[in-house]
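# Sequence and computational prediction follow.
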Amino acid sequence: MRVYPAFFRAVFAGMDPEKAHRIGFDLIKLSAGTPAGALMRRLMRPSPDLRVRAFGLDFPSPFGLAAGFDKEGSGIVALTNMGFGHVEVGTVTGRAQPGNPKPRLFRLVEDRAVINRMGFNNDGAAAVAPRVAAARKALAAAYGSHRPVIGINIGKTKSVDLADAVNDYLISTRELAPQADYLVVNVSSPNTPGLRRLQSIESLRPLLSAVGAAADEAAGRHVPLLVKIAPDLSDDDVDDVARLALDLGLDGVIATNTTITREGLVTDPEKVIACGVGGLSGAPLRRRSLEVLKRLRAGLGDGGPAIISVGGVESARDVHERLKAGATLVQGYTAFLYQGPFWAARINRRLARLLK
């Protein structure tokens, strides 16, 4: 299993990061249609000891894959074969869009980090919805009542003015809520101009209220609703989000998205500057993500809404630390790029031992 880092250095390290991601993801998806897919599912399936319940849903493991890897719902079954207890699809927008100009994805290998300014490139809600529906059926057939969970992360279409943001989110909501196990409102990506302004409580309250009502109406059931926030919020803003989540009866908060800061990096500063603007993810985000988690849990209370902790998660010990600090679920992404296809299964195996 530990052969992958050497493979990464030999094959992917010198390749354009976005091209490497596309090739790697294509290989993952290809495996699902072969006998290897069923074998992986059997060997990498999380231990029953890891099952956890959150916002009314049963998760095979507290560890899942964050939004950003599978932006369009094209590889859900293949990714769950690797042991992820849930896969969060997206970010999906109301309209299809190509994202920002390339290059837009950069590795900081020395920091085990990534800078991206992808810009919500995706096929749009109408195209993603039937893919998620098909994946739900396939997972139910393969796993039965303990299938992996599918979340959908929605964001604002770049060409839509902030004044029309609520209506734009509602397009995605009505298309995707019937297929989503849970829905996430993303107002924290730094790569859509003006998006983070929606994190202000004055903007966030009407947006979340409208999305929550539309999701339940479209699905004919309660669709758990979460909001994803940035690590760059002040502590007072984090407290405000916690109060809003309680006031609106949100099912949870995801903390955190990528950061616009570049503090504490060991990569050559000139290389970092050359990457340009974008959100930083990976190991350098670990400290702040943990701080936000602890502050949110204090504000939400021990029995309050769920928290999905993401940012700088690399190992089973990281997952265990987040759970002890008040997270209900934990997600990873950047370390998947560096550690390879056995990463989730390895975390689940070691996490089961830690929890015992």
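Looks like it came in fine. None of the values given here were measured: they were computed from a predicted structure. Numbering: from 1, shown residues only.

# I'd like the distance between residue 294 and residue 91.
Separation of residue 294 from residue 91 (Cβ to Cβ, to the nearest Å): 26 Å. Using the backbone N, CA and C atoms, a C-beta is placed for each residue, glycine as well.

# Please compare those two by neighbour count and tell me which comes out ahead.
Just comparing residue 294 and residue 91: by other Cβ atoms under 10 Å the higher neighbour count belongs to residue 91, 26 against 18.

# for the one helix or strand that one maps to, packing partners?
In this assignment (DSSP states H and E), residue 91 forms part of strand 86-92. Applying 3 or more Cβ pairs under 8 Å, 6 or more residues apart in numbering; DSSP states H and E, one finds that strand 86-92 contacts strand 63-65, helix 76-80, helix 125-143, strand 149-154, strand 182-186.

# Strand 182-186 and that strand, what's the angle between them?
Strand 86-92 and strand 182-186 meet at an angle of 40 degrees, taking axes from the mean of the first three to the mean of the last three Cα atoms, to 10 degrees as the criterion.

# average pLDDT for strand 86-92?
Strand 86-92 carries an average pLDDT of 96.

# Show me what the helix or strand following it is in contact with.
Later in the chain than strand 86-92, the nearest helix or strand by DSSP H and E is strand 105-108. Under the criterion Cβ atoms under 8 Å, 6 or more residues apart in numbering, residues 13, 17-18, 21, 113-116, 118, 265, 267, 271-272, 275, 278, 280, 282, 337 lie in contact with strand 105-108.

# angle of the strand holding residue 91 against strand 149-154?
Put simply, strand 86-92 runs at 20 degrees to strand 149-154, going by the same axes, to 10 degrees.

# for strand 86-92, the distance to its chain's centre please.
Distance of strand 86-92 from the chain centroid (Cα atoms, centre = their mean, to the nearest Å) equals 6 Å.

# Where helices are concerned, which of the contacts of strand 105-108 count?
Within the contacts of strand 105-108, residues falling in helices by DSSP state H are 17, 18, 21, 271, 272, 275, 337.

# Could you measure from the nearest residue to the fourth one once chain neighbours are set aside over to residue 265?
The one in question is residue 271. The shortest distance from residue 271 to any non-neighbouring residue, by Cβ to Cβ, 6 or more residues apart in numbering, is to residue 108 (7.6 Å). As defined by Cβ to Cβ, residue 108 lies at a distance of 7 Å from residue 265.

# The two - which one has more neighbours?
residue 108 (23 against 18).

# Quick check, pLDDT for the more buried one.
As predicted, residue 108 sits at a pLDDT of 95.

# Report the beta-bridge partner residues of it.
Using DSSP bridges, the beta-bridge partners of residue 108 come out as residue 113.

# Give me the distance between it and residue 249.
Computed as Cβ to Cβ, the residue 108 to residue 249 distance reads 39 Å.

# State the pLDDT value of the residue nearest the centre of the chain.
Centrality entry for the chain: nearest residue to the mean C-alpha point is residue 66, 2.2 Å, by Cα atoms, centre = their mean. Residue-level confidence at residue 66 comes out at 97, pLDDT.

# Can you name the residues that contact it?
Taking Cβ under 8 Å, 6+ apart as the definition, contacts of residue 66 comprise 88, 310, 331, 332, 333.

# Restricted to strands, list the residues you listed.
Among those, the subset assigned to strands under DSSP state E consists of 88, 310, 331, 332.

# Tell me the helices and strands packed up against the helix or strand harbouring residue 203.
Element membership for residue 203, per DSSP H and E: helix 201-219. Using 3+ Cβ pairs under 8 Å, 6+ apart as the contact criterion, the neighbours of helix 201-219 among helices and strands are helix 165-176, strand 182-186, strand 225-229, helix 235-248.

# What's the PyMOL line that selects buried ones from the contacts of strand 105-108?
Buried residues among the contacts of strand 105-108 (16 or more other Cβ atoms under 10 Å), as a PyMOL selection:
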select buried, resi 17+18+21+113+114+115+116+118+265+267+272+275+278+280+282+337
